[in-house]
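*Asks:* Task: produce atomic coordinates for the following.
(4 chains)
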2 protein chains.
Amino acid sequence: MRHYFHPEIEDVCLPDVLFALSDATRLGIAVALADGKERTAGELGGSLAKSTMTHHLKVLREAGALRVRSEGTRCYNSLRLEELQERFPGLLDHLLGFAVKCGYTSADARSRD
Amino acid sequence: MRHYFHPEIEDVCLPDVLFALSDATRLGIAVALADGKERTAGELGGSLAKSTMTHHLKVLREAGALRVRSEGTRCYNSLRLEELQERFPGLLDHLLGFAVKCGYTSADARSRD
DNA sequence: ATTGATGTACCAGAACTATCGAACAATGGG
DNA sequence: CCCATTGTTCGATAGTTCTGGTACATCAAT
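*Replies:* Residues are numbered from 1 along each chain as shown, chains lettered A, B, ... in the order given. I've put the predicted structure just below:
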């Protein structure tokens, strides 16, 4: 069972969140997770190398933007929507709205329900 | 008379704006300019080296966040509020609102939370 | 023309970032 | 126990960012 560092929501700071979302790849990941569901790194990864994906998910996680839950050999990633809504009300919705409009979709993440 | 590059507002892209604002110094600059008035690099600079200030203003300018007007020996910087409002309605207000709340004020007095 | 004020250009160094491949660890299924 | 799946860690590389110093350009005023 893996251990991941997640900052407390009150320790999440604005520049870190903005930085995490200032990369097209990570913005695409956030857009892919905007529905609130969990997805594994593999589902989000597209054609990126696994280690690159690990890196981007780590940046998002350490900025406080997403949470990882380990189960078996997989790790399920989801946005910390409610917590961020409390910390920065409306910010994520607002940002991801523009991101969708501008076409930042996850590298490959087909919505496979 | 100096010449500055300013991107067309339709070429301004979200990750660049987020990146420009993902640095505490630049976020402070943006907050200082949030009233819509113009300020010179010197007024914004605080204790930073002039060349460092030039760098940060350039990042903000090239991201499309601010406009520079040269007059005499001075350069007057102001946020592109109306244009950004058209491009990303509400984004800047929203972001700068949180930035103020979190204490990102002009380059000098920074007591982040 | 000289001086002072303001800001830029360019350089350098340290730190950081994005990307990938290879090796490794953890888990679950035969 | 062996093996495939999943993801992390490590090392490497190339590029970027932040900071400041020095030199330079521009302009105003004397």
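*Asks:* residues from chain A in reach of DNA strand C?
*Replies:* For chain A, the residues in contact with DNA strand C (C-beta under 7 Å from any atom of the strand) are A:1-2, A:19, A:23, A:25-26, A:48-52, A:55-56, A:59, A:72-73. C-beta coordinates here come from the backbone N, C-alpha and C atoms, glycine included.
*Asks:* pull the longest helix from chain A.
*Replies:* helix A:50-63 (DSSP state H).
*Asks:* Nearest residue to A:L66 in space, please, no chain neighbours.
*Replies:* A:L60 (4.7 Å; C-beta to C-beta, 6 or more residues apart in numbering or on different chains).
*Asks:* wait, isn't the one you found in contact with A:G28?
*Replies:* No. Contact criterion C-beta atoms under 8 Å: A:L60 and A:G28 do not qualify, at 11.2 Å.
*Asks:* between these two, who's got more neighbours?
*Replies:* Using other C-beta atoms under 10 Å in any protein chain shown as the criterion, A:L60 and A:G28 rank with A:L60 on top: 26 against 21.
*Asks:* Report the separation between the more buried one and DNA strand C.
*Replies:* 10 Å (C-beta to the nearest atom of the strand, to the nearest Å).
*Asks:* pLDDT score assigned to the residue nearest to A:L66?
*Replies:* Note for A:L60: predicted pLDDT of 98.
*Asks:* Spit out the contact partners of it.
*Replies:* By C-beta atoms under 8 Å, 6 or more residues apart in numbering or on different chains, the contact list for A:L60 reads A:20, A:26, A:29-30, A:66.
*Asks:* picking up where we left off before, name only those of the residues of chain A next to DNA strand C that count as buried.
*Replies:* With burial judged by 16 or more other C-beta atoms under 10 Å in any protein chain shown, the buried subset of these is A:19, A:23, A:25-26, A:48, A:56, A:59.
*Asks:* Could you pick out which of those residues are located in strands?
*Replies:* Assignment to strands by DSSP state E places none of those there.
*Asks:* For my notes, please list these in a markdown table and give distance to B:Y104 for each entry.
*Replies:* Listed next are these as a markdown table, based on distance: C-beta to C-beta, whole Å:
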| residue | distance to B:Y104 |
| --- | --- |
| A:F19 | 14 |
| A:D23 | 21 |
| A:T25 | 26 |
| A:R26 | 22 |
| A:L48 | 33 |
| A:H56 | 25 |
| A:V59 | 21 |
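*Asks:* so of these, which ones are in helices?
*Replies:* Per DSSP H, helices hold the following members of these: A:19, A:25-26, A:56, A:59.
*Asks:* any idea how far DNA strand D is from A:K58?
*Replies:* 7 Å.
*Asks:* Over to A:E8?
*Replies:* For A:E8, the distance to DNA strand D - C-beta to the nearest atom of the strand - is 20 Å.
*Asks:* Mind telling me what element A:R69 is part of?
*Replies:* With secondary structure defined by DSSP states H and E, A:R69 is part of strand A:66-71.
*Asks:* for A:A65, what are its contacts?
*Replies:* By C-beta under 8 Å, 6+ apart, the contact list for A:A65 reads A:17, A:20-21, A:30, A:79-80, A:84, A:92.
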